[in-house]
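Student: With the input below, show me the fold.
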Amino acid sequence: MTDLYPAADQRELLRQAAAAHTAAAQDVEAFLRRLPEVPGPADITEYANLLSREERARADRQTAADAAGLQLPSMESE
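Tutor: A predicted model of the protein is given here:
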């Protein structure tokens, strides 16, 4: 018989992954709020690092969601 709900540990891992993704997105927002009118090379590097971190966190969240049984059909149009 298939369990209707994922094990509690999978849900907790998903919650943690979602929180990490939220924190990464908030860091991008905070950076954009303090971004100077003319970004310099250091700003561009920091932005790239923040986006990379946010994307990794999003991918980790998706992996955790899949493990918790929350697979979604493709949302891409065909």
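Student: For the host helix or strand of residue 45, buried residues please.
Tutor: Using DSSP states H and E, residue 45 sits in helix 41-67. By neighbour count on 16 or more other Cβ atoms under 10 Å, the buried set for helix 41-67 is 50, 53-54, 57-58, 60-62, 64-65, 67. Where you see a C-beta, it was placed from the backbone N, CA and C, and this is true even at glycine.
Student: Just put those residues in JSON lines and tack on pLDDT.
Tutor: Putting these into JSON lines (pLDDT from 0 to 100) gives the following:
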{"residue": "50", "pLDDT": "98"}
{"residue": "53", "pLDDT": "98"}
{"residue": "54", "pLDDT": "98"}
{"residue": "57", "pLDDT": "98"}
{"residue": "58", "pLDDT": "97"}
{"residue": "60", "pLDDT": "97"}
{"residue": "61", "pLDDT": "97"}
{"residue": "62", "pLDDT": "95"}
{"residue": "64", "pLDDT": "95"}
{"residue": "65", "pLDDT": "94"}
{"residue": "67", "pLDDT": "91"}
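Student: Out of these, which two sit at the greatest distance?
Tutor: The distance between the two most remote of the buried residues of helix 41-67 (Cβ to Cβ) is 26.0 Å, for 50 and 67.
Student: what's the host helix or strand of residue 17 packed up against?
Tutor: Element membership for residue 17 (DSSP H and E) is helix 8-34. Counting contacts by 3 or more Cβ pairs under 8 Å, 6 or more residues apart in numbering; DSSP states H and E, helix 8-34 is packed against helix 41-67.
Student: Now do the helix it packs on: distance to the chain's middle.
Tutor: Counting by Cα atoms, centre = their mean, to the nearest Å, helix 41-67 is centred 6 Å from the centre of its parent chain.
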